[in-house]
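[1] mind looking at a prediction? Sequence and model below.
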Amino acid sequence: MWKKLLRLLRLKKVVVATGGGFDPLHEGHIRLFREAKKLGDELVIMLNSDMQVSKKKGATFYPSQEERKEILESIKYIDRVIIDPGKDTTCEDGLRAVKPDILAKGGDRVEGAMPEVELKACRELGIKIVYNVGGEKVQSSSWLLKRAKQSAAKK
């Protein structure tokens, strides 16, 4: 019986999830994906919808969430991409949909700075949170967009 139980436990994949808009995608995101993949067997991206990205940043860089999803699906570290079903800017609904074993938070995310609804979902679902995945923040989608706007304004 113990051998059968151990075999079943080994067969269970460790699912790691991370979320965001990834709009536009940059080197910090790739570092996050690479290191998050090392934490388990399957990496699932909870991609912010166009509505969520617009709420966070005012507009989207890529034309659609489907385009961002297709780009992410082509990255070798990523096993699956879902469009986050939530209506706000947290990943609570995505966590409830995916039910990962681990939530990987990027280099700019620190303990104590997560929204309470995300923490509550992690506690309820037994999700381990790993912070600073991919190292310190090296780039930002917001920085890239700001730089592009400044460059366009100069021309």
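    Structure's in. What do you need?

[2] give the contact list for the residue nearest the centre of the chain.
    Among the residues of the chain, Gly19 comes closest to the average C-alpha position under Cα atoms, centre = their mean, at 1.9 Å. By Cβ atoms under 8 Å, 6 or more residues apart in numbering, the contact list for Gly19 reads Ile45, Met46, Leu47, Asn48, Asp84, Cys91, Gly94. All C-beta atoms are positioned from the backbone trio N, CA, C, and that covers glycine.

[3] just the helices in the protein please.
    For the chain, the helices identified by DSSP state H occupy 2-11, 27-37, 50-57, 65-73, 92-98, 116-125, 141-154, in order along the chain.

[4] pLDDT-wise, which helix or strand of the protein ranks last?
    The helix or strand of the chain with the poorest confidence is helix 141-154; it has a mean of 58 (mean pLDDT, DSSP states H and E).

[5] which stretches of the chain have low pLDDT?
    When residues are selected by pLDDT under 70, those of the chain lie in 1-11, 108-110, 135-155.

[6] give me that answer again for 90
    Counting by pLDDT under 90, the chain contains low-confidence residues at 1-12, 23-28, 53-63, 86-90, 106-115, 134-155.

[7] disregarding flanking residues, what is the spatial nearest neighbour of the residue nearest to the centre of the chain?
    With Cβ to Cβ, 6 or more residues apart in numbering as the measure, Met46 is the residue that lies nearest to Gly19, at 3.5 Å, once sequence neighbours are left out.

[8] how many residues are close by the one you found?
    Number of residues near Met46 (other Cβ atoms under 10 Å) recorded here: 24.

[9] wait, isn't Gln65 in contact with Asp50?
    Yes. Between Gln65 and Asp50 a contact is recorded at 4.8 Å, counting by Cβ atoms under 8 Å.

[10] as a markdown table, the contacts of Gly19 with distance to His26 would be great.
    Written out in a markdown table, the entries for those read as follows (distance: Cβ to Cβ, whole Å):
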| residue | distance to His26 |
| --- | --- |
| Ile45 | 15 |
| Met46 | 18 |
| Leu47 | 15 |
| Asn48 | 15 |
| Asp84 | 19 |
| Cys91 | 19 |
| Gly94 | 21 |
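
[11] show me what contacts Gly134?
    Under the criterion of Cβ under 8 Å, 6+ apart, the contact partners of Gly134 comprise Gly28, Arg31, Leu32, Phe33, Arg34, Glu35, Ala36, Gly106, Gly107.

[12] buried subset of these, written for ChimeraX?
    Buried subset of these, written as a ChimeraX selection, criterion 16 or more other Cβ atoms under 10 Å:
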select :28,31,32,33,35,36,106,107
